[in-house]
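Engineer: A structural model of the following input is requested.
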Amino acid sequence: MAVFPMFIELEEEICLIIGGGRVALRKAETLLDMGAYIHIISCTFVPEIRALEAEGGLECHEVSEGTLSAAVWLETHMKKEGIGKAAMLVCATSDLELNHQLALWGKKHRIPVNSATSGEDCDFYFPSVVRRGNLTVGVSTGGRTPALAHLVNQQIQETLPDWYDVLEATGKTARGQVHRATENSLERRVIMQKVLKAALEDEGRLTSEDIARVIQESRTGSGDV
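Structural biologist: Below is the predicted model of the structure:
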């Protein structure tokens with residue numbers, strides 16, 4: 001069954017990650033890139049996670065080794081300011097049963113859950129992400145074939161130029177100018193396509209004057225002076 005791709009704002013939102021290994025590290029790096037604030041709960045942490053903590057992007061909370069010690073920590077701390085409003089819970093340990101029990105805890109508290117070991121426990125799937133500035137591409141197979149999502153991600157990385165962040169910024173500027181030039185939604189769409197095609201010829205760069213020229217030429221060409 002296909003899953004619906006939905007993009008959400010995570011800037012300064014709190015995200016919980018259970019596990020301190022390589023999988024948790026990858027999840028944390030993706031979420032940090034989106035501006036989230038992260039709490040990682042585990043009995044051990046790889047050095048890279050500790051390094052991220054030193055930079056101030058996340059907090060590590062060490063718990064004693066045990067089947068549900070992370071759940072005990074969560075239950076104890078969730079009522080503190082912010083923790084109870086977590087945007088998501090990522091279960092990233094290598095223990096399938098532990099991830100399952102923690103997923104149940106998250107569902108109980110109505111926190112969206114992602115499990116690294118069981119698609120059935122997931123309320124959402126962690127996409128393979130490509131970013132160029134604010135342009136974000138997410139690739140997912142609904143948790144069925146993560147390796148395929150990673151392969152497609154690599155192909156997108158190779159084919160999507162780094163300067164697409166410039167193109168996105170140009171598009172944002174152009175959108176404001178086009179909306180001021182006409183209220184016709186179809187005309188706006190046609191002009192925006194022409195502006196972006198023009199920008200593609202110079203690695204995404206167009207000045208406001210260039211954009212105004214494209215708008216004027218497009219409107220003149222359509223008989224609207």
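
Engineer: give me the buried positions along the strand or helix carrying R219.
Structural biologist: R219 is located in helix 208-221, with elements delineated by DSSP states H and E. Neighbour-count burial for helix 208-221 flags D210, I211, V214, I215, S218, R219 (criterion: 16 or more other Cβ atoms under 10 Å). Where C-beta positions appear, they are placed from N, C-alpha and C, glycine not excepted.

Engineer: which residue packs closest to T30, ignoring adjacent ones?
Structural biologist: V129 (5.8 Å; Cβ to Cβ, 6 or more residues apart in numbering).

Engineer: shouldn't the one you found be within a helix?
Structural biologist: No. Using DSSP: H, G, I helix; E, B strand; the rest coil, the assignment for V129 is strand, not a helix.

Engineer: now R22. Nearest residue, chain neighbours left out?
Structural biologist: Closest to R22 by Cβ to Cβ, 6+ apart is V46, at 6.4 Å.

Engineer: after the lowest-mean-pLDDT helix or strand in the chain, next one along is what?
Structural biologist: Using mean pLDDT, DSSP states H and E, the weakest-scoring helix or strand in the chain turns out to be helix 69-77, at a mean of 83. Where DSSP H and E defines the elements, the next helix or strand beyond helix 69-77 is strand 88-91.

Engineer: and that following strand, average pLDDT?
Structural biologist: With pLDDT averaged residue by residue, strand 88-91 scores 96.

Engineer: related to what we said a few turns ago, format the buried residues of helix 208-221 as CSV; extra columns: distance to L32 and pLDDT.
Structural biologist: CSV is the format used below for these (distance: Cβ to Cβ, whole Å; pLDDT from 0 to 100):
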residue, distance to L32, pLDDT
D210, 36, 94
I211, 34, 95
V214, 38, 94
I215, 39, 94
S218, 41, 90
R219, 44, 85
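
Engineer: what score does the most centrally placed residue in the chain have for pLDDT?
Structural biologist: With distances taken as Cα atoms, centre = their mean, the residue of the chain nearest its centroid is M34 (5.6 Å). On the pLDDT scale, M34 is placed at 92.

Engineer: max-length helix in this protein?
Structural biologist: Using DSSP state H, we find that the single longest helix of the chain is helix 164-181.

Engineer: tell me the buried residues in that one?
Structural biologist: For helix 164-181, by 16+ other Cβ under 10 Å, it's Y164, V166, L167, E168, A169, T170, G171, A174, Q177, V178, A181.
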